[in-house]
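# I'll drop the sequence and a predicted model, then ask my questions.
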Amino acid sequence: MKSYLLMTLLSGLVLSVPVLAAEPSVSIAFVGDIMLDETPGKVIRSGRDPFAPFATILKSADIRIGNLECVVATKGTAKPDKPYAFRAHPRTLPILKRHFDAVALANNHSGDFGPVAFAEMLGLLERQGIPYFGGGRDLAQAHTPLIIERNGLRIALLGYNEFFPRSFEADTDKPGIAWSEDEQVRLDIGLARSRYRADLVIPVMHWGWEHEPIAGQRQRQLARLMIAAGADAVVGGHPHVIQDVEQYQGKPIIYSLGNFVFDGFTDPDNTTGWLLRMELDRQGVRGWRTVPARIDREGTPHPELQSGGLCWERGQEEATACTVLGLKQLDQNNVAGSDRNQGLMKRP
Ligand SMILES: [Zn+2]
């Protein structure tokens, strides 16, 4: 790489033309629901790491993001009216820190043990050095974008839930999550660019009906609204299955990544999730691909490199099946850093 730069520099000097800086590029990986209570919690307690089979693929991205579908706390009381209430032990956080650069908190489980446990989680995440978005100590913080800067690109992440209960929402004096009212979402996306000087804005949604393989009308309407307001991509989850994908004004919408670390499901639709990897530049998403994950009985995901994912590059009308070779390359130990990963988006 250095010698290539040197040659470019020398040829620039010889020809007396200005050397153009390489277009900055950043790779970002998103995964769906991460639930660290129940069996995944026991796996961690026993000294194992449920993310281990995906460690190389996660590590090959510049930025790794997941949806934390539980509260991590010791305090609080389970909501009596909820059929499932998830609270993970703080011992899970070093494992999360090992594999992720930030987590989304806007979902229908982060408030399962009430605002006291939610606030405790914010403190624990901060102490562990895990940034978060879509939640905060009050309403304003919940709607504040998380800015991650890599290779000179400022990427704003916003998170919203719109699956009940709405009682998890933050208020002016109450910790909680962000809810996606259309007007507020428009405002947040605008501010991410104007006030927080983001080059790219990616909202992460928690939405849709469980077990539905096709996104609903509300999801489509909101995704389009977000892109019209300036979002570069919309990434979603919650339905416990993967859903269809589309693009609007050339910007990708990945409606649901499905489960990632989650036990208690046996149906193949529920035990299949996606890791989504996007290549970003200043113009937005240059390409993306999904890596299928097969989730075992303990809730641990394993990369499915034979079954192929979906691949898309800027300019393509529709996503197409990825080559198996391309998926395997992502899992090779020597893949690291965005320079070498650029070629992975290309199909032969
Ligand atoms: Zn959910």
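All right, it came through fine.
# Can you find the helix or strand of the chain with the lowest average pLDDT?
Ranked by mean pLDDT, DSSP states H and E, the weakest helix or strand in the chain is helix 338-341, scoring a mean of 35.
# buried stuff in the strand or helix carrying residue 127?
In this structure, residue 127 sits in helix 114-128 according to DSSP states H and E. Neighbour-count burial for helix 114-128 flags 114-115, 117-122, 124-125 (criterion: 16 or more other Cβ atoms under 10 Å). C-beta here means a position set from N, CA and C on the backbone, and glycine is covered the same way.
# Quick check: whichever residue of the chain sits closest to the ion vs residue 147, distance?
Proximity of the chain to the ion (Cβ to the ion) peaks at residue 238, 3.8 Å away. Distance, residue 238 to residue 147, using Cβ to Cβ, to the nearest Å: 25 Å.
# Output the set of residues of this protein in proximity to the ion.
Proximity of the chain to the ion, by Cβ under 5 Å from the ion, involves residues 107-108, 238.
# okay if I get these as JSON lines plus neighbour count, distance to residue 182 and pLDDT?
Formatted as JSON lines, these follow (neighbours: other Cβ atoms under 10 Å; distance: Cβ to Cβ, whole Å; pLDDT from 0 to 100):
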{"residue": "107", "neighbour count": "29", "distance to residue 182": "19", "pLDDT": "98"}
{"residue": "108", "neighbour count": "20", "distance to residue 182": "20", "pLDDT": "97"}
{"residue": "238", "neighbour count": "28", "distance to residue 182": "19", "pLDDT": "97"}
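# got those as a markdown table, with secondary structure columns?
Below are the residues of the chain next to the ion laid out as a markdown table (DSSP: H, G, I helix; E, B strand; the rest coil):
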| residue | secondary structure |
| --- | --- |
| 107 | coil |
| 108 | coil |
| 238 | coil |
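# In terms of distance to residue 253, which of those residues ranks first?
residue 238 (14.6 Å; Cβ to Cβ).
# you'd agree that closest one is up against residue 211?
No. Between residue 238 and residue 211 there is no contact under Cβ atoms under 8 Å: 10.8 Å.
# if you go through the stretch 1-150 of the chain in chain order, where are the strands?
Counting by DSSP state E, counting those that start in this stretch, one finds strands in the stretch 1-150 of the chain at the ranges 26-34, 63-68, 71-72, 87-88, 102-104, 132-133, 135-136, 146-150.
# if we can go back for a sec, name the surrounding residues that touch the helix holding residue 127.
Contacts to helix 114-128, defined as Cβ atoms under 8 Å, 6 or more residues apart in numbering, come from residues 71-77, 79, 87, 90, 93-94, 96-97, 103, 105, 110-111, 131-132, 135-137, 168, 174-176.
# just stretch 256-267 next, same as before
30-36, 38-40, 50-51, 66-67, 69, 208, 215, 235-243, 270-276, 293, 295, 297-301.
# What mean pLDDT does that stretch get?
The average pLDDT within stretch 256-267 is 97.
# and that stretch, how far from the chain's centre?
Computed by Cα atoms, centre = their mean, to the nearest Å, the chain-centroid distance of stretch 256-267 equals 15 Å.
# Also stretch 311-328?
Offset of stretch 311-328 from its chain centre (Cα atoms, centre = their mean): 19 Å.
# Isn't residue 69 up against residue 107?
Yes. Between residue 69 and residue 107 there is a contact at 5.4 Å, judged by Cβ under 8 Å.
# Can you pull the residues that touch both of those two?
Residues touching both residue 69 and residue 107 by Cβ under 8 Å, 6+ apart: residue 33.
# my guess is residue 205 contacts residue 180, does it?
Yes. Residue 205 is within contact range of residue 180, at 6.9 Å (criterion: Cβ under 8 Å).
# More neighbours: the two, which one.
Set side by side, residue 205 and residue 180 show more neighbours around residue 205, with 31 against 22, by other Cβ atoms under 10 Å.
# What's the first helix or strand after the lengthiest strand in the chain?
Longest strand in the chain, counting residues (DSSP state E): strand 284-295. Using DSSP H and E, the helix or strand that directly follows strand 284-295 along the chain is strand 301-303.
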